[in-house]
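> Below is the sequence, then the predicted model.
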Amino acid sequence: MACRITELIIDCTDPKRLADFWCEVLGYVVLDWDRGAVEIGPPGGFGGLQPTLVFIPDAEPKRAKLPMHFDVNSTDRDQDAELERLLAAGARKIDVGQTAADSWHVLADPEGNEFCLLRRRVDPVGH
């Protein structure tokens, strides 16, 4: 038997702000609040096919590029339309050395955590 990822824990200075942002990006909902931490996940809750995200308060700001990042794909629109939606939600474009020939966009969430918007559209989970 193997393990699977059920939760991703993210230290941040403003858990509510990041929870709101990632709920908008992923179509997630708030599942739990506990001592300043916010857990978000798919409307079906914890334990499904998608991991939940837990934002833990941490007063220390991010100092360097994270060793891990999220890649996201749109489920219902092309990459350009999804890019506009993410920018309107509070993401910003960043340059980490990508070129115009790359098929992805590198973005940062409201606290500067990098993530990539990939080109391919995927089916929503469960479809």
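Received, thanks. Remember, predicted model here, so these are calculated numbers, not experimental data.
> Please count neighbours and contacts with C-alpha atoms only from this point.
OK.
> Looking at Ala100 now. What's its pLDDT?
If you check Ala100, the pLDDT there is 84.
> Distance of it relative to Val106?
Note on Ala100: its distance to Val106, by C-alpha to C-alpha, to the nearest Å, is 11 Å.
> More neighbours: which of these two?
More crowded of Ala100 and Val106, by other C-alpha atoms under 10 Å: Val106, with 19 against 8.
> mind checking which helix or strand the more buried one is in?
strand 105-108 (DSSP states H and E).
> just how off-centre is that strand within its chain?
Relative to its parent chain, strand 105-108 has a centroid offset of 11 Å by C-alpha atoms, centre = their mean, to the nearest Å.
> just stretch 94-105 next, same as before
18 Å.
> Can you give me the first-to-last residue distance of that stretch?
End-to-end for stretch 94-105, by C-alpha to C-alpha: 8 Å.
> Quick check: buried residues in it?
Across stretch 94-105, burial judged by 16 or more other C-alpha atoms under 10 Å covers Trp104, His105.
> what residues does that stretch touch?
Leu83, Lys93, Val106, Leu107, Ala108, Cys116, Leu117, Leu118, Arg119 (C-alpha atoms under 8 Å, 6 or more residues apart in numbering).
> Adding distance to Phe21 and pLDDT, write those out as TSV.
TSV is the format used below for these (distance: C-alpha to C-alpha, whole Å; pLDDT from 0 to 100):
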residue	distance to Phe21	pLDDT
Leu83	14	96
Lys93	15	96
Val106	16	95
Leu107	13	96
Ala108	11	95
Cys116	15	95
Leu117	15	95
Leu118	18	94
Arg119	21	89
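> Which two of the residues you listed have the greatest separation?
Greatest spatial distance among those (C-alpha to C-alpha): Ala108 and Arg119, at 16.9 Å.
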